[in-house]
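Colleague: Take a look and give me a structure for this.
(one chain, ligands or ions: 2)
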Amino acid sequence: MNITYYGHSCFGIEVNGKNLLFDPFITSNELAKHIDATAVKADYILITHGHEDHIADAVAIAMRTNAVVVCNWEIFIWLQKQGVENIHPMNIGGKKLFDFGSIKCVNAAHSSSLPDGSYGGNPMGFVIESSDKNFYYAGDTALTSDMKLIGDYRQIDFALLPIGDNFTMGVDNAIIATEFIKCDDIIGMHYETFGFIKIDKSSAINRFNRQGKKLTLLEIGETINK
Ligand code: NI
Ligand code: MN
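Modeller: Numbering: from 1, shown residues only. Ligands and ions are numbered 1, 2, ... in the order given. Below you'll find the model as predicted:
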């Protein structure tokens, strides 16, 4: 499973030969100027909520790739108004089998509005289960006890968790989240991009290590294999 980091919370993850793109925010990310958003592959675009830093490039990439956009009902309506046609609406609690594996939408404790101020519905996270690996992409969220439900009923091989604090959980709460989801292999996201969420990266990695857990912080543009 190849995982490519495009900055902030945007990742491309290849699952059974399909490219899943999460929360596309590239062209307006000052730290991702070296990434060519017009070359990013996508068969599916998964959007956790409507905030600009998760949806900014969604319309352009959806139009270019004709990827299936997976998002909540309110974002589905909004994207249709922007001219996007290939959308699969879901909502929290729902699970759907696609050709690469399944997506389950789970609770995220955050807020959601679209860039033009439209109501964005409830934010969510995604649990991806496949014949290859299972993983949890948390989106923007606080630590929530609902995360225990994720760990209690399936095996999570790795998880992408926000660690930047201020708008989402930070490192200490992300470490507690690893206990809830019963997964110690974490890829960090939602840090560094803006002043509010700058963190000491080596200290974050050390804090995970001290608890016997692994925090991977990718360079923007880097690809790893899991
Ligand atoms: Ni947000
Ligand atoms: Mn955000």
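
Colleague: what ranges do the helices span in this structure?
Modeller: 52-55, 58-65, 73-81, 147-152, 171-181, 201-210 (DSSP state H).

Colleague: Compare these and give me the one nearest Lys95.
Modeller: Within the helices of the chain, the stretch nearest Lys95 is helix 147-152; the backing value is 12.2 Å (CB to CB). In short, each C-beta sits where N, CA and C put it, glycine included.

Colleague: Among the helices of the chain, which comes closest to ligand 1?
Modeller: helix 52-55 (6.0 Å; CB to the ion).

Colleague: where does Ile163 sit relative to Phe208, distance-wise?
Modeller: Between Ile163 and Phe208 the computed distance is 9 Å (CB to CB, to the nearest Å).

Colleague: Could you identify which of the helices of the chain is most buried?
Modeller: helix 52-55 (a mean of 21; mean count of other CB atoms under 10 Å).

Colleague: re the thing from before, need the overlap of contacts for Ile163 and Phe208.
Modeller: Contact with both Ile163 and Phe208 is made by residues Val171, Leu215, according to CB atoms under 8 Å, 6 or more residues apart in numbering.

Colleague: list the contacts for the closest residue to Met124 other than its chain neighbours?
Modeller: Spatially, and ignoring its direct neighbours in sequence, Met124 is nearest to Cys105 (4.6 Å; CB to CB, 6 or more residues apart in numbering). The contact partners of Cys105, taken as CB under 8 Å, 6+ apart, are Asn72, Met90, Asn91, Ile92, Gly93, Gly94, Lys95, Met124, Gly125, Phe126.

Colleague: what about the third one, neighbour count?
Modeller: In other words, Asn91. Residues near Asn91, counting by other CB atoms under 10 Å, number 14.

Colleague: Per-residue pLDDT of the nearest residue to it once chain neighbours are set aside, please?
Modeller: Leaving aside its sequence neighbours, Asn91 sits nearest to Asn72 (CB to CB, 6+ apart; 5.4 Å). Looking at Asn72, its pLDDT stands at 98.

Colleague: Ligand 2 contacts on the chain?
Modeller: Residues of the chain lying close to ligand 2 (CB under 5 Å from the ion) are His51, Asp53, Asp140.

Colleague: re earlier: for the residue nearest to Met124, give its distance to Ser9.
Modeller: 16 Å.

Colleague: now Tyr137
Modeller: 8 Å.
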